[in-house]
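1. Please work out how this folds:
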Amino acid sequence: MAGDVEEHFIRGSGPGGQKINKTSSTVRLRHRPTGVEVRCQRERSQAANRETAWAELCAKLEAVLRKAETERQQAVAKMRRTNRKRSARQKAISVAGKRQRAEIKAGRGRRLGE
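-> Numbers count the residues shown, from 1 in each chain. This next block holds a predicted model:
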């Protein structure tokens with residue numbers, strides 16, 4: 001997995017004056033396959049920022065995987081609901097409705113002269 005991640009050390013931005021402008025303590029990690037990107041500039045230390053960025057990247061990737069798994073499970077559950085057989089009660093209600101509709105249609109008949 002480490003081979004799928006681009007790691008860059010860049011100069012930070014924001015308050016801090018000359019120190020922040022001179023040092024490359026900000027860490028940017030990008031996971032190529034998913035496109036998930038993390039940027040960390042919390043600490044003055046590059047090593048601390050790197051560790052924090054890796055933790056954040058792992059958390060984001062886990063969230064992406066969890067979301068994909070949830071969507072897959074929902075799709076499977078939907079297919080099961082779609083393909084399952086109707087209960088005896090549901091069938092009886094459906095058949096009764098069809099009979100009632102058939103009686104209404106049968107009562108119409110044809111008019112004379114048509």
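
2. Following element in sequence after the strand or helix carrying A48, please.
-> Element membership for A48, per DSSP states H and E: helix 46-83. Per DSSP H and E, the first helix or strand lying C-terminal to helix 46-83 is helix 88-106.

3. Could you check how far that next one is from the centre of its chain?
-> 42 Å (Cα atoms, centre = their mean, to the nearest Å).

4. List of residues touching that helix?
-> By Cβ atoms under 8 Å, 6 or more residues apart in numbering, the residues outside helix 88-106 that reach it are R86. Where you see a C-beta, it was placed from the backbone N, CA and C, and this is true even at glycine.

5. Relative to V95, how far out is A102?
-> Relative to V95, A102 is positioned 10 Å away (Cβ to Cβ, to the nearest Å).

6. how about low-confidence regions in the protein?
-> Counting by pLDDT under 70, the chain has low-confidence residues at 1-2, 111-114.

7. For the chain, which residue occupies the most central location?
-> In the chain, the centroid-proximal residue (Cα atoms, centre = their mean) is K67; its distance is 4.1 Å.

8. Next one: that one from C40, what distance?
-> Here K67 is placed at a distance of 23 Å from C40 (Cβ to Cβ).

9. residues contacting Q46?
-> For Q46, the contact set (Cβ under 8 Å, 6+ apart) comprises F9, T23, S24, S25, V27.
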